[in-house]
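1. Fold the following for me, if possible:
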Amino acid sequence: MTLDSSITIRAATRADIPALLAIEQQTPTSAHWSENQYDSCFCGEHSRRVVQVAESNPSGGIVGFLIAHHIPPEWELENIAIAQTVQRNGLGKQLLSALIHEAKQTQSEALFLEVRESNAAARAFYEKTGFRRIGLRKSYYSNPQENAIRYRLALR
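-> Modelled structure (predicted):
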């Protein structure tokens, strides 16, 4: 999916894992996964995970990614990270819009996510996108220990 002349959103491949790791290591608020956890997203034909990357044109370098898990009739956004050099330029919105479009194509009912209670920028972003706060998970995160705010976006 091409969104403008400078960014292309496409399905990730195993070959993209080093770039995903590099981006998530730059972003302290993203979920930090091991290489094996990323690799498991690509296991089997019936994987219910979607991994999308945003590439910068014409260089083709990966500047952001998103991982979501589809458990019909719902989706869960598991991770989204944008390279520091291109943060606050609408790339997260482009990735999230591509996921929402795909989720609607599956006739799904909702998209869920959790975010650190202290991550005010992410919370504002999700609320601006239409997500509504639906709950709190106490001590959900570790390193440091912190509550998670649970959000839901109705797709129908």
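2. and the strand or helix carrying Ile67, what does it pack onto?
-> Element membership for Ile67, per DSSP states H and E: strand 61-71. If you count contacts as 3 or more C-beta pairs under 8 Å, 6 or more residues apart in numbering; DSSP states H and E, strand 61-71 packs onto helix 17-26, strand 49-56, strand 74-82, helix 91-105. Every C-beta, even on glycine, is put in place using the N, C-alpha and C of the backbone.
3. and these as CSV, adding distance to Ile134?
-> Below are the helices and strands packed on strand 61-71 laid out as CSV (distance: least, C-beta to C-beta, whole Å):
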stretch, distance to Ile134
helix 17-26, 26
strand 49-56, 22
strand 74-82, 12
helix 91-105, 17
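4. Reformat the ones you listed as TSV; add mean pLDDT and distance to Ala122.
-> Shown next, in TSV, are the helices and strands packed on strand 61-71 (pLDDT from 0 to 100; distance: least, C-beta to C-beta, whole Å):
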stretch	mean pLDDT	distance to Ala122
helix 17-26	94	14
strand 49-56	92	17
strand 74-82	94	9
helix 91-105	93	9
